[in-house]
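Provided below for reference: sequence and predicted model.
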Amino acid sequence: MTYQMQAKRLRAVADAQRLALIEGFCLAVEQRGIDGATVVDVVRHARVSKRTFYEHFADKQACFIAAYRELAEQTMQAIAAAVDVAAPWETQLACAARAYLGVLDSRPRLTRAFFLGILAAGPEGITLRREVLERFAELVRELLAQARKAEPQLRPLTPTMATAMVGGMNELMLLRVEKRMNMGDLADTVVTLWKAVVAPATAAAAR
């Protein structure tokens, strides 16, 4: 085996371990919450040793930050995959919103723990939360920019407005996971709001 092949194999093993630890962390959080989950819980779910954990993460907080970042990336990929850029703009926005909400709703305990836990994760957590929110907002802006090529009468979406749209959806999602809002109503509310923000002035007035 060449040096390059061996290095590639070792990287693949390390990447698999890291993902297993992140999933192990998520499972531990779903069972015991962020405060209650321990490194022992994480490695038990991941089926690796504590030594392996500390080869990848300095502590539980570092694993949480990595897990938050990884799930955000997976969510953005799900949104991109759900949207057909050839579809009407209303359909594109609805698919993007429902894909986002669907991912979050698939693991409600994890969603609630991550939404609240990141606020208590110190400056690094606050910075990451803002970064992820801005990335989601930019993805929405990119989708609308693509739609405006075919529908130039759509209102342009500023970064601030896009951030407000995503942030508002997150707050509604917290109501959902706390059992105070059903998924159908949440999705309909978000889609209606998003359409109202970007619809042409005449169409918005008509609604």
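Yep, it's here.

and stretch 101-121, how far out from the chain's middle?
9 Å (C-alpha atoms, centre = their mean, to the nearest Å).

Could you check how far the nearest residue to residue 50 once chain neighbours are set aside is from residue 193?
Leaving aside its chain neighbours, residue 50 sits nearest to residue 43 (5.4 Å; criterion: C-beta to C-beta, 6 or more residues apart in numbering). In this view, the C-beta of every residue, glycine as well, is placed from N, C-alpha and C. Per C-beta to C-beta, to the nearest Å, residue 43 is found 42 Å from residue 193.

how close does the closest residue to residue 37 other than its chain neighbours sit to residue 194?
Distances taken as C-beta to C-beta, 6+ apart put residue 28 closest to residue 37, at 3.8 Å, once the chain neighbours are dropped. Residue 28 is 34 Å from residue 194, where distance means C-beta to C-beta.

in which helix or strand would I find residue 64?
Per DSSP states H and E: residue 64 is located in helix 60-82.

List the contacts of that helix.
By C-beta atoms under 8 Å, 6 or more residues apart in numbering, the residues outside helix 60-82 that reach it are 18-19, 21-22, 25-26, 34, 37-39, 42, 53, 56-57, 95-96, 98-100, 102-104, 110, 114, 117-118, 121-122, 124-125, 128-129, 132, 135-136, 139.

How many residues are close by residue 22?
With neighbours defined by other C-beta atoms under 10 Å, the count for residue 22 comes to 22.

swap in residue 9?
11.

buried sites along the strand or helix carrying it?
If you go by DSSP H and E, residue 9 is part of helix 3-36. Within helix 3-36, the residues scored as buried using 16 or more other C-beta atoms under 10 Å are 17-18, 20-30, 34.

So for residue 175, what's the nearest residue that isn't a sequence neighbour?
Per C-beta to C-beta, 6+ apart, closest to residue 175 is residue 181, 4.2 Å.
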